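Engineer: pasting the sequence and the predicted coordinates here, then a few questions.
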Amino acid sequence: PPPPDPPLPPLPSPDHPPPGWFLPPSSPPPKPPSPPSAPPTCDLGLCDNGGLCGACLQAVNGGECPFALFLPSCDSDFADGSADALCLHRSGNACGTDVLLDNCPFWGDVYRKLRCEVVQPSPPPPPPSP
């Protein structure tokens, strides 16, 4: 009978590379994702509602009126954090909005809700006591 076959060499692996091979060093682990950046502070002069109710709303001009079938309410938080998203104001003149705006036919009062943090100015100090 013929002699038995010699044993096969082990398969290459990172722990046991074939002789003469050089394996590059492993790459460092990926960096964790950065936390979302905080929105900038609103310029209240750009907010048609003065930043009341914690939102900066700008009335859109007639050429910006949407053709969408749905607009979120300006009272809601946008789940996707959309910057400068259009919204429909349905609450009369609440939060500094203009109940007579009617800037978009069919929709009525349409605003752009800016993604910024509303910081109201501090009230003036009380007058000195006599």
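Structural biologist: Here it is on my side, so go on. Numbering: from 1, shown residues only.
Engineer: enumerate every residue touching the nearest residue to P40 once chain neighbours are set aside.
Structural biologist: Ranked by CB to CB, 6 or more residues apart in numbering and with sequence neighbours excluded, the top spatial neighbour of P40 is C116, at 5.2 Å. Every C-beta, even on glycine, is put in place using the N, C-alpha and C of the backbone. Contact partners of C116, counting by CB atoms under 8 Å, 6 or more residues apart in numbering, are P39, P40, T41, C42, D43, C56.
Engineer: what's the worst-scoring helix or strand of the chain on mean pLDDT packed up against?
Structural biologist: Least confident element among the helices and strands of the chain, by mean pLDDT, DSSP states H and E: strand 85-88 (a mean of 86). On a contact count with 3 or more CB pairs under 8 Å, 6 or more residues apart in numbering; DSSP states H and E, strand 85-88 meets strand 110-114.
Engineer: the strand it packs on pairs with which strands?
Structural biologist: Sheet pairing for strand 110-114, assigned by DSSP bridges, gives strand 56-59 (antiparallel), strand 85-88 (antiparallel).
Engineer: just to revisit the earlier point, which pair of the contacts of C116 spans the longest distance?
Structural biologist: Using CB to CB, the contacts of C116 span at most 12.4 Å, a distance reached by P39 and D43.
Engineer: higher neighbour count, those two?
Structural biologist: P39 (14 against 11; other CB atoms under 10 Å).
Engineer: please report how far the nearest residue in space to G96 that is not next to it in sequence lies from F67.
Structural biologist: Leaving out its chain neighbours, the residue that sits closest to G96 by CB to CB, 6+ apart is N49, at 3.4 Å. For N49, the distance to F67 equals 24 Å [CB to CB, to the nearest Å].
Engineer: looking at these two, which one has more neighbours?
Structural biologist: Between N49 and F67, N49 has the larger neighbour count (other CB under 10 Å), namely 23 against 5.
Engineer: check contacts around that one.
Structural biologist: Listed by CB under 8 Å, 6+ apart, the contact set of N49 reads A55, C56, L57, C95, G96, T97, Y111.
Engineer: with P66 instead?
Structural biologist: L86, C104, W107, V110.
Engineer: let's go with 6 Å and repeat that
Structural biologist: Residues near P66 by CB atoms under 6 Å, 6 or more residues apart in numbering: L86.
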